[in-house]
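Asks: Sequence and predicted structure are below.
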2 protein chains.
Amino acid sequence: MIDRKAFRSLSSGLYLITARDGDAKFGCVVNTLVQVASEPPTLSVSLNKENATARAILDAGRFAATVLAQDAPMELIGTFGFHTSTELDKFADCNHALDGSEVPYVTEHGLARFSVFVTETIDVGSHYLFVGTVEEAEVLETGDPLTYAYYHAVKGGKTPPKAATYNGGDEAAPAGVSATPSGAPEAGKRIAWRCMVCGYIEEGYPDGLPEGYTCPICGATRDMFERIEL
Amino acid sequence: MIDRKAFRSLSSGLYLITARDGDAKFGCVVNTLVQVASEPPTLSVSLNKENATARAILDAGRFAATVLAQDAPMELIGTFGFHTSTELDKFADCNHALDGSEVPYVTEHGLARFSVFVTETIDVGSHYLFVGTVEEAEVLETGDPLTYAYYHAVKGGKTPPKAATYNGGDEAAPAGVSATPSGAPEAGKRIAWRCMVCGYIEEGYPDGLPEGYTCPICGATRDMFERIEL
């Protein structure tokens, strides 16, 4: 007796979680960062087990977090949220710095940043829940935080299947994004489909991706593809 | 190097967490409920160790949660958030039901409700972090959730010292609440001070509570008292 729609009423913000493992930098977007104790100041965050950033935190035992501002551009969210750190240097085009433990954190479009020493890692099925003590906490700028509700309602953002709050992908499609054809392509162009999770572009299927289609790279379902013209 | 103000940019909703221990019913208000895994659907919540509801969850291994709607009255939040279940039957004046495990949950002013079987309890200092599998999830009504930001900015709500997100109590005082005198009392009445955490009324100090004053019942600091007239 579980109605997945019930989970949509939980409120959260959006955060960049970053980590370092050896010389490699990792980062992703989550909506699961929460302060779970006041003394000592403690944060928890959950990340999908398949996430490269999760594996880096498992190895290194530390992470940093940046609280995204409401005006954070979709490009920044897309870079960190819909690609994998093993294939893309997510820090190449964004301002970042190193904390006292040399963990990178993003400094642009962020209201605050935290550095966390992981004290507990809990296996919760699809995800790891990391719990840790805050070693550094700094206000970066004043402004409204980007909430998950704002991201969906105003920015037209999607929930990737690897998110803790992915509950079937049956959200209403945001304006301008459709997994079924909407009219003919512009002259000289052809219809294609771009996976919003991993960026893979599927050039076949001008009439729409068939039912049951999944991304050959990341396994995302049909509704995670947006129509583009090449 | 921890700036407590940084934590204020974390976004959250407000939730009623309820539990049963033997024949006794317990409940409190938190802003720490989060979905931490999609498979199996898993929620985590942190509660202050001194909280009667936390002790009931420790004993019983189960809790229920109701997502508060934006129109939830301050009286409901006050009943569950600023009193202890050992001294007040919080369910006496609100609509509630029992889940499949006979754990009570509040049905009024709620958008959704969950029943959780606790699989992990993590000691995080001032708080326990409970992690558990969702056994029941139901949409109760449609509407906007009550966010913690809305509670503070629009409803003028306070953060009790036992909250995970209590970071020093130096928030701006909401309109209409003051720990210093504001004018003479109405004719025939006298000034008193009511603790917004435990409800204790301090009848002395017509000129304002002295610096360093703490509630003799719950230890709340001076800024958690509101001026009333008796």
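Replies: Noted; the coordinates are in hand. Numbering: from 1, shown residues only, chains lettered A, B, ... in the order given.
Asks: Which element, helix or strand, includes residue A:150?
Replies: helix A:148-153 (DSSP states H and E).
Asks: How about residue A:118?
Replies: Assigned by DSSP H and E, residue A:118 falls within strand A:110-123.
Asks: residues of the helix or strand that that strand is followed by that come out buried?
Replies: Where DSSP H and E defines the elements, the next helix or strand beyond strand A:110-123 is strand A:127-139. By 16 or more other Cβ atoms under 10 Å in any protein chain shown, the buried positions in strand A:127-139 come out as A:127-139. Where you see a C-beta, it was placed from the backbone N, CA and C, and this is true even at glycine.
Asks: Could you identify the least confident member of the residues you listed?
Replies: Among those, residue A:127 has the lowest pLDDT, at 94.
Asks: wait, what's in contact with that residue?
Replies: By Cβ atoms under 8 Å, 6 or more residues apart in numbering or on different chains, the contact set of residue A:127 is A:46-49, A:54, A:164, B:36-38, B:42.
Asks: circling back: can you tell me which of the buried residues of strand A:127-139 is closest to residue A:58?
Replies: Of all the buried residues of strand A:127-139, residue A:58 sits closest to residue A:128, with 6.9 Å by Cβ to Cβ.
Asks: Test my guess that that closest one contacts residue A:121.
Replies: Yes - using Cβ atoms under 8 Å, residue A:128 is in contact with residue A:121, at 5.7 Å.
Asks: any common contacting residues for these two?
Replies: Contacts common to residue A:128 and residue A:121, judged by Cβ under 8 Å, 6+ apart, are residue A:58.
Asks: Could you count how many residues lie near residue A:210?
Replies: Number of residues near residue A:210 (other Cβ atoms under 10 Å in any protein chain shown) recorded here: 9.
Asks: What about the nearest residue to it once chain neighbours are set aside, how many residues nearby?
Replies: Closest residue in space to residue A:210, ignoring its immediate chain neighbours: residue A:222 at 7.8 Å, by Cβ to Cβ, 6 or more residues apart in numbering or on different chains. Neighbours of residue A:222 under the rule other Cβ under 10 Å: 20.
Asks: Tell me the strands beside the strand holding residue A:118, with direction?
Replies: Counting by DSSP bridges, the strands paired with strand A:110-123 are strand A:62-68 (antiparallel), strand A:127-139 (antiparallel).
Asks: among those, which is nearest residue B:8?
Replies: strand A:127-139 (8.6 Å).
Asks: so how far is that closest one off the chain centroid?
Replies: Remark: strand A:127-139 is offset 17 Å from the chain centroid, using Cα atoms, centre = their mean, to the nearest Å.
Asks: hang on, the earlier thing: got CSV for the strands paired with strand A:110-123, with distance to residue A:147 too?
Replies: As requested, these are exported to CSV (distance: least, Cβ to Cβ, whole Å):
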stretch, distance to residue A:147
strand A:62-68, 9
strand A:127-139, 18
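Asks: related to what we said a few turns ago, gap between the strand holding residue A:118 and the chain center?
Replies: 16 Å.
Asks: That one: which residues count as buried?
Replies: Buried residues in strand A:110-123, counted by 16+ other Cβ under 10 Å: A:110-116, A:118-119, A:122.
Asks: Show me where chain A has its strands.
Replies: Applying DSSP state E to chain A gives strands spanning A:15-21, A:24-30, A:34-37, A:42-48, A:62-68, A:96-98, A:104-106, A:110-123, A:127-139, A:191-195, A:201-202, A:225-229.
Asks: So what are the sheet partners of the fourth one and their directions?
Replies: Each strand that pairs with strand A:42-48, with its direction, by DSSP bridges: strand A:34-37 (antiparallel), strand A:127-139 (antiparallel).
Asks: Switch the ones you listed over to a markdown table; also include distance to residue B:101.
Replies: Shown next, in a markdown table, are these (distance: least, Cβ to Cβ, whole Å):
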| stretch | distance to residue B:101 |
| --- | --- |
| strand A:34-37 | 24 |
| strand A:127-139 | 23 |
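Asks: and of those strands, who's closest to residue B:209?
Replies: Nearest to residue B:209, of all the strands paired with strand A:42-48, is strand A:34-37, at 28.0 Å by Cβ to Cβ.
Asks: average model confidence for the closest one?
Replies: Mean pLDDT, computed over strand A:34-37, is 95.
Asks: Show residues contacting it.
Replies: Strand A:34-37 is contacted from outside by A:12, A:41-45, A:131, B:7, B:10, B:12, B:32, B:34, B:44, B:46, B:124-127, B:129, B:164-165, using Cβ under 8 Å, 6+ apart.
Asks: The same query, at a cut-off of 7 Å, please.
Replies: Here strand A:34-37 makes contact (Cβ atoms under 7 Å, 6 or more residues apart in numbering or on different chains) with A:42-44, A:131, B:7, B:10, B:12, B:32, B:34, B:46, B:124-127, B:129, B:164-165.
Asks: from these, which would you call buried?
Replies: Buried by 16+ other Cβ under 10 Å: A:42-44, A:131, B:7, B:10, B:12, B:32, B:34, B:46, B:124-127, B:129, B:164-165, out of the contacts of strand A:34-37.
Asks: among the strands of chain A, which is nearest residue B:159?
Replies: Evaluated with Cβ to Cβ, those place strand A:34-37 nearest to residue B:159, the distance being 11.1 Å.
Asks: Below-threshold pLDDT in chain A: ranges please.
Replies: Along chain A, segments meeting pLDDT under 70 span A:155-158, A:168-185, A:197-199, A:217-220.
Asks: Neighbours of residue A:83, how many?
Replies: Counted with other Cβ under 10 Å, the neighbours of residue A:83 add up to 18.
Asks: Also the one 3 residues further on?
Replies: Neighbourhood size, residue A:86 [other Cβ under 10 Å]: 10.
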